[in-house]
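Participant: model the structure of this input:
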Amino acid sequence: MKKLLKGITICCSMFCFSGANASDFTADRVVVKNGHLDRATLYCRANMWRIEHNTSGPVDVTIVRKDKGVMWLLIARTKRFITLPLDAEIGATCQHDFASEQQRDLIGNETLQGRSTTVSKVTVREGREDVVYYEWRADDVHLPLRLARKDGTWLAEYSHLRLTRLSTRLFELPLHYRPLELQSPASNTIQH
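Facilitator: Numbers count the residues shown, from 1 in each chain. Prediction:
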């Protein structure tokens, strides 16, 4: 479970929305981390987002609610969910700007997915180190279409980006799901 949560944090944590410029949107997302490919559909609002994982794994949907300070991991095959406190490193919500941007250098312009983008080299503070990313930000919707870590270990690409009004029901727990309690590593005994 710890490995799963770390992966979700990495996929979610890079960027946050500026509340003043927030727009609802959906996009298909592909993340490549150290050669491992994850596909998902993303639904974003100012203080919440939903990730429908299209790659096989234990969690089918992740819902993050900054307004409630929680993250829900939905497991469809068992109709169960796990509630976790929202990790402060995840940032405000989906993605718009780097959460801890230190420096931004303009590289130029490029057309990506038929959209004009501004390409920048962005230095971000991650923990105790500065990490360099390249960002392709769509000029029309002011959202990144591609982000790539300079060292080649991480890439996120967003396609089929669509600005749209999203129902708050997308960001709520399904009524028929039941909570799944996680056992702490210290309790290895099963209670009857």
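Participant: residue ranges with poor pLDDT in the protein?
Facilitator: Judged by pLDDT under 70, the chain has its weakly predicted residues at 1-22, 88-98, 182-192.
Participant: swap in 50 and give it another go.
Facilitator: Scanning the chain for pLDDT under 50 picks out 2-21, 91-93, 187-192.
Participant: pretty sure Leu173 sits in a helix.
Facilitator: No. Per DSSP: H, G, I helix; E, B strand; the rest coil, Leu173 lies outside any helix segment and is coil.
Participant: in this structure it contacts Arg80, no?
Facilitator: No. In this structure Leu173 lies outside contact range of Arg80 using C-beta atoms under 8 Å: 10.8 Å. No exception for glycine: its C-beta is placed from N, CA and C like everyone else's.
Participant: need the residues touching each of those two.
Facilitator: Contact criterion C-beta atoms under 8 Å, 6 or more residues apart in numbering; residues shared by Leu173 and Arg80: Leu74.
Participant: give the buried residues for stretch 150-164.
Facilitator: 154-158, 161 (16 or more other C-beta atoms under 10 Å).
Participant: identify all contacting residues around it.
Facilitator: The list of residues contacting stretch 150-164 from outside it, by C-beta under 8 Å, 6+ apart, reads 10-11, 14, 23-34, 42, 113, 121, 131-134, 138, 141, 143-149.
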